[in-house]
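**Q** Prediction below, plus the sequence it came from.
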Amino acid sequence: MNSPTPVDGVTRSTPPGAEFCMRCGPETALRPDGAEKPDDTYDPGGTRGLARCPRCGWERVVTRQPLFLLSGPSGSGKTTVTEALTRLAEGGGLPGCAVFDVDLTLHVAALGWDVWRNTWLQLAHGLAANGLATLLCGTIVPDQLAELPARMLIGPIHHAALDCPDDVLVRRLRDRPAWRGSDEEFVARQVGFADWHRSQVGRRFATHRSDPAAVAADVAKWVREVLGTPGGPTAEPTGGAR
């Protein structure tokens, strides 16, 4: 694919998933209000903003909601905690927020990892138009979203991680069935990813001391505090993390 070519400040070839001007057509990518050039840093604020065409000035109102990312290495408990979060949301424990396991659309990654991540941003934007924030559970971190076309459609990103001691993580991964491919190289990478989270992510939830439902309740409390929404029902007890 050819790189976008700016002509008179207009991007002639838009990246996949870019928002474009409805007057000038899909060859003209919209920019966040206030951005003078395509590589301007964009720091969205508030729940409403404008995306503007650099050629004709056409504007589109953007409704934004916060995006929550719950990440962690394989074996930290994402699958079981996400299941508990989904049940909790179904019971009213996460008002104003939709919960997704990012692997739900993993087939889209065949088109490229950035296309896959941008698709999640576009989905979160669609939910924001319906008044909902989005909680994505899986291996997506904020830096991977910063330069994507749909980033301007999303409000602040809040990142938290699931964590457990390395010996617990290693045991969980080695106890997996062979088809999951948890060989020694994979285990070492996940231990390194866990260490990265501990150094980079301020909000972490331990999964080795509590039932996944209790961890989900703590995650939901964090989301509700950010959104300013009231509490709700708690999740039912579940099995161990995996």
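**A** Arrived safely.
**Q** Find the least confident helix or strand in the protein, judged by mean pLDDT.
**A** Using mean pLDDT, DSSP states H and E, strand 6-7 stands out as the lowest-scoring helix or strand of the chain, at a mean of 34.
**Q** what's the closest non-adjacent residue to residue 151?
**A** Using Cβ to Cβ, 6 or more residues apart in numbering and skipping residues adjacent in sequence, the residue nearest residue 151 is residue 145, 5.7 Å away. Just so you know, the C-beta spots here come from the backbone N, C-alpha and C atoms, and that holds for glycine as well.
**Q** Okay, and residue 214 sits in which element?
**A** helix 212-227 (DSSP states H and E).
**Q** now that helix, how far from the centre of its chain.
**A** 16 Å (Cα atoms, centre = their mean, to the nearest Å).
**Q** Ok, stretch 55-69 next?
**A** 17 Å.
**Q** ditto for stretch 220-234
**A** Distance of stretch 220-234 from the chain centroid (Cα atoms, centre = their mean) equals 18 Å.
**Q** And for residue 204, the neighbour number?
**A** Per other Cβ atoms under 10 Å, the neighbour tally for residue 204 reads 16.
**Q** Tell me the secondary structure at it.
**A** Recorded secondary structure, residue 204: strand (DSSP: H, G, I helix; E, B strand; the rest coil).
**Q** my guess is it meets residue 159, correct?
**A** No - with contact defined as Cβ atoms under 8 Å, residue 204 does not reach residue 159; the gap is 10.1 Å.
**Q** what's the model's confidence in the longest strand out of those in the chain, averaged?
**A** For the chain, the longest strand by residue count, based on DSSP state E, is strand 157-163. Taken as a whole, strand 157-163 has a mean pLDDT of 97.
**Q** Just the buried residues of the helix holding residue 214, please?
**A** Of all the residues in helix 212-227, those buried under the rule 16 or more other Cβ atoms under 10 Å are 212, 213, 214, 215, 216, 217, 219, 220, 222, 223, 224, 227.
**Q** and of those residues, the nearest to residue 172?
**A** residue 212 (12.7 Å; Cβ to Cβ).
**Q** Below-threshold pLDDT in the chain: ranges please.
**A** 1-18, 28-29, 32-48, 232-242 (pLDDT under 70).
**Q** can you map out the helices along it?
**A** Along the chain, counting by DSSP state H, helices occupy 78-90, 113-128, 166-174, 184-200, 212-227.
**Q** Save those as CSV, and put in distance to residue 64 too.
**A** Conversion of those to CSV gives the following (distance: least, Cβ to Cβ, whole Å):
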stretch, distance to residue 64
helix 78-90, 21
helix 113-128, 6
helix 166-174, 35
helix 184-200, 24
helix 212-227, 13
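**Q** so which of the ones you listed gets nearest residue 22?
**A** Set against residue 22 and scored by Cβ to Cβ, the helices of the chain come closest in helix 113-128, at 16.2 Å.
**Q** and that closest one, which residues are buried?
**A** Quick answer for helix 113-128 (16+ other Cβ under 10 Å): 114, 116-125, 127-128.
**Q** Check which helices and strands that helix is in contact with.
**A** Under the contact definition 3 or more Cβ pairs under 8 Å, 6 or more residues apart in numbering; DSSP states H and E, helix 113-128 sits against strand 59-63, strand 97-101, strand 133-137.
**Q** What is the second one packed up against?
**A** In this case it means strand 97-101. Strand 97-101 packs on helix 78-90, helix 113-128, strand 133-137, going by 3+ Cβ pairs under 8 Å, 6+ apart.
**Q** If we use 7 Å, what do you get?
**A** Here strand 97-101 touches helix 78-90, strand 133-137, going by 3 or more Cβ pairs under 7 Å, 6 or more residues apart in numbering; DSSP states H and E.
**Q** How about the last one?
**A** Of the remaining helices and strands, those touching strand 133-137 by 3+ Cβ pairs under 7 Å, 6+ apart are strand 67-71, helix 78-90, strand 97-101, helix 113-128.
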